[in-house]
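Enquirer: With the sequence up front, the predicted model follows.
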Amino acid sequence: MAERIVQQHEGAVGGKPRARRAQREFKEIGNQPIQSLEAMTTAASRSDYDKCEQILRQFLEVHVNSATNPGLVAKMYKQLFKAYVRSKKCLDPVQIRPQMRQAAVVPDDSLFQRTVSYLLLHRFNRDLKFAARFCEAVNRTEPEKQAYTTVVNQYIEARMPKRARYIFALMVQRVGPTGEVVRKIIETSSAKDFRWAEGVARTLLGMASEADRKFLGKAVAVGLRPVESSEAKRIVINAMICAAANSRNSLKAKAWSEILNTLGIDWDRQTYGYLIKALAKRGLLDEAVSLQKKAASEQIRPDAVGSFALLSLHAERGDIENAENVFEGEFTISSVVAEEEKIWDKRHRLYAAAVSRLALAYSKAGLKNDAVALLTQDSKRFKGAVANVKMVTQIMTPHVLAGEPTSTTFWNQFGIDLGLWSADRHRDLLLSAWVNSGNLKDAQAYFNSAYKGHENIDVAPFDILLQGCANAGDHVEAKNLFNELDRRELKPKRSSYKHAFSSCVKFGKTETIEEFLDRFWKHYGSVHLNAGELAAIFDTYSNSDHPEQALKHLDALKRYRFQDQEAYGIPFLLISEATLHAAIGNLDIAETAYKNFLNKKRAIGSAELQEDNARYHRNVIHSCLKSLEIERVENVLRSMDIGTANVLDSSLMQQLVSHLGESKVHELMARSSKTR
């Protein structure tokens, strides 16, 4: 490949007959340098790296002294590397520079980085070592900083925060961070990474504790130097407020804004905008509006992200009047004064999102004509229809999730009429709307009509229907869908298996879940089951005739760390343990686990955990009636809240009436309601 070209170029220096032969061959494409470059460009656009190699080899053999025109040869090398990448034949960046030097090309750092940026697309997502080598391949400090910046940005845009932090740590240790990289990596930190972002920010502000330094690691903590200027400190703090807003953590956002006051630094438009966003995302409308008024009194126009969050909140609440006021004040062309043209260039996407939010508010209120008019408005800047695929999809999605096939069909047809997509592009969204409507038969009927005759469909619609099977507890239809996937030779998604496992829960179909597990191991080998899959298997065994078999799955679940461990994971495990032991008849263990569950008060409001709470009480009552512990049954009935009492099934109520008498049951249930 490239090495072979260099070797042949070196061989041409002392070989006149070979050079003459190459000169004759070169006539095919012309011996003018510009013709060679054009030919290489054409070959590179076709991913034909063999042709690129041939042209470059012939050019170097004819024009032996390539150093006379290093810029042209550098461009030719760039086309060669582009051809390699487009054909997914990536070179290691450490090898690129020696090749260019051997070809008597003066390495150009900017060219080198542009060339390797093509490689980023194919290699950086999976290869950390490649990313690190790319950064180290540039010798001088400033270009190397640019290389690290490029890699960190690539990972941030690809939503790979762990990899971005890894390269950021290397950058801090070796060349020092740039202000832009620090701002971006803090702003984009998720709730999971917020502690790390706080450590970085406090270190930069000279406020780091020993715990912060330990958390960041010695290399990063030492490499980050405290900033001196007020402007730099404000940028760091604003980035933290932005990160808190993105994590919906209004308390942290307010705490970081107070640090500005402590340091005696004035708030700017970003401070106000990000803090308004944090408050609006938590639904604290009055506080957000009050802050907006405070900014107006100080003649500061908050960053548009705050107004967008307010607009979204008004739209979600169906407050069309206030949504329109925010939109008119912030997101119309006429409201933007001349000196803010640069801001508008940055806000095109935000403007489009604001249009979709207001259109969504109109649609939810049944004002579809107003929504269509807004999406198809004309303006000086946005000629013709403003609507795009993302906008209309954003409007469709809430109707899909709410199970409203009629509204979903309307917006799908609107997209077709506007030429945003073909008639079959959004069938999956329409199918999702039917599934979410709760009627699996209607969803199947739509699937049979919309996808009829399409042998080349992918696994997505089957996955959607399997979700419907999970909701309805229809394990038979789930098996039929898996058989159809086998017939079409389609590999099910991981989510398809999660839905299949969940379809067995309602009736405790352990035999069926074992069949699905056999298929799972066949498709995914020794891959570990995730928490959601294990939970579905656990629930199936808990509801079966042999609940004791679920104990081994409970032990496996306890080894997992859930995404929201404190608010959801631990309460879920506790109520699951209580429910299982109640079903088995280990009532003392069940009662202890249930008391621990009640200590996690904030999680009980979850609908999913509320159902588990009701199932626990049903299992306790079943076990007590089985062992004739009538007094314990009465205590359970007294302790239940009215929501739990309402979900007791009819067969259990009949057993209660036969053991306690109808009047006694009603008396205990009524007392439970009054107590709560």
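Expert: Received, thanks. Residues are numbered from 1 along each chain as shown.
Enquirer: can you pull the contacts of Val435?
Expert: Contacts for Val435 (Cβ atoms under 8 Å, 6 or more residues apart in numbering) come out as 403, 443, 464-465, 467-468, 471. Every residue, glycine included, has its C-beta placed from N, CA and C.
Enquirer: among those, which are in helices?
Expert: 443, 464-465, 467-468, 471 (DSSP state H).
Enquirer: nearest to Tyr524, of those?
Expert: Of all the ones in helices among the contacts of Val435, Tyr524 sits closest to Gln467, with 19.2 Å by Cβ to Cβ.
Enquirer: how close does that closest one sit to Ser496?
Expert: Distance, Gln467 to Ser496, using Cβ to Cβ, to the nearest Å: 9 Å.
Enquirer: For ChimeraX, what selects the buried ones among the ones in helices among the contacts of Val435?
Expert: Here is the ChimeraX command that picks out the buried ones among the ones in helices among the contacts of Val435, judged by 16 or more other Cβ atoms under 10 Å:
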select :443,464,465,467,468,471
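Enquirer: coming back round to it: let me have the contacts of Val435 in JSON lines, extended by pLDDT and distance to Ala43.
Expert: Listed next are the contacts of Val435 as JSON lines, based on pLDDT from 0 to 100; distance: Cβ to Cβ, whole Å:
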{"residue": "Gly403", "pLDDT": "90", "distance to Ala43": "53"}
{"residue": "Ala443", "pLDDT": "89", "distance to Ala43": "50"}
{"residue": "Ile464", "pLDDT": "91", "distance to Ala43": "44"}
{"residue": "Leu465", "pLDDT": "92", "distance to Ala43": "46"}
{"residue": "Gln467", "pLDDT": "91", "distance to Ala43": "47"}
{"residue": "Gly468", "pLDDT": "91", "distance to Ala43": "50"}
{"residue": "Asn471", "pLDDT": "87", "distance to Ala43": "54"}
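Enquirer: now, the most widely separated pair of these?
Expert: Taking Cβ to Cβ as the measure, these span a maximum distance of 14.4 Å, between Gly403 and Leu465.
Enquirer: What segments of the stretch 401-550 of the chain are helices?
Expert: Secondary structure of the stretch 401-550 of the chain by DSSP state H, counting those that start in this stretch: the helices cover 405-417, 427-436, 440-450, 460-472, 475-487, 494-503, 510-524, 531-543.
Enquirer: mean pLDDT for these: which is lowest?
Expert: Of all the helices of the stretch 401-550 of the chain, the minimum mean pLDDT falls on helix 531-543 (a mean of 76).
Enquirer: list the helices and strands it packs on?
Expert: Here helix 531-543 is seen to pack against helix 494-503, helix 510-524, helix 551-558, helix 570-584 when contacts are counted using 3 or more Cβ pairs under 8 Å, 6 or more residues apart in numbering; DSSP states H and E.
Enquirer: again, 6 Å this time
Expert: helix 494-503, helix 551-558 (3 or more Cβ pairs under 6 Å, 6 or more residues apart in numbering; DSSP states H and E).
Enquirer: quick one, which of these is nearest to Ala423?
Expert: Of all those, helix 494-503 comes closest under Cβ to Cβ, at 25.8 Å.
Enquirer: Please list all residues in contact with Ala354.
Expert: Taking Cβ atoms under 6 Å, 6 or more residues apart in numbering, we find Ala354 in contact with 308, 311, 331.
Enquirer: ok, the first one - how many residues close by?
Expert: The number of residues packed near Phe308 is 24, by other Cβ atoms under 10 Å.
Enquirer: repeat for the last one
Expert: Burial measure for Phe331: 22 neighbouring residues, criterion other Cβ under 10 Å.
Enquirer: swap in the second one?
Expert: Here the count is done by other Cβ under 10 Å, and Leu311 has 27 residues near it.
Enquirer: Need the nearest residue in space to it, chain neighbours excluded.
Expert: Nearest in space to Leu311, with sequence neighbours left out and distances taken as Cβ to Cβ, 6 or more residues apart in numbering, is Val326 at 4.5 Å.
Enquirer: ok, now which ones touch Phe462?
Expert: Going by Cβ under 6 Å, 6+ apart, Phe462 touches 481, 485.
Enquirer: Against Leu429, how distant is it?
Expert: From Phe462 over to Leu429 the distance is 15 Å, taken as Cβ to Cβ.
Enquirer: what's the answer for Ser356, then?
Expert: To Leu429, Ser356 is 15 Å away according to Cβ to Cβ.
Enquirer: which one of those two has more residues nearby?
Expert: Set Ser356 next to Leu429 and count neighbours by other Cβ under 10 Å: Ser356 wins out with 25 against 19.
Enquirer: Could you list the low-pLDDT ranges of the stretch 51-200 of the chain?
Expert: Applying pLDDT under 70 to the stretch 51-200 of the chain picks out residues 61-71, 84-143.
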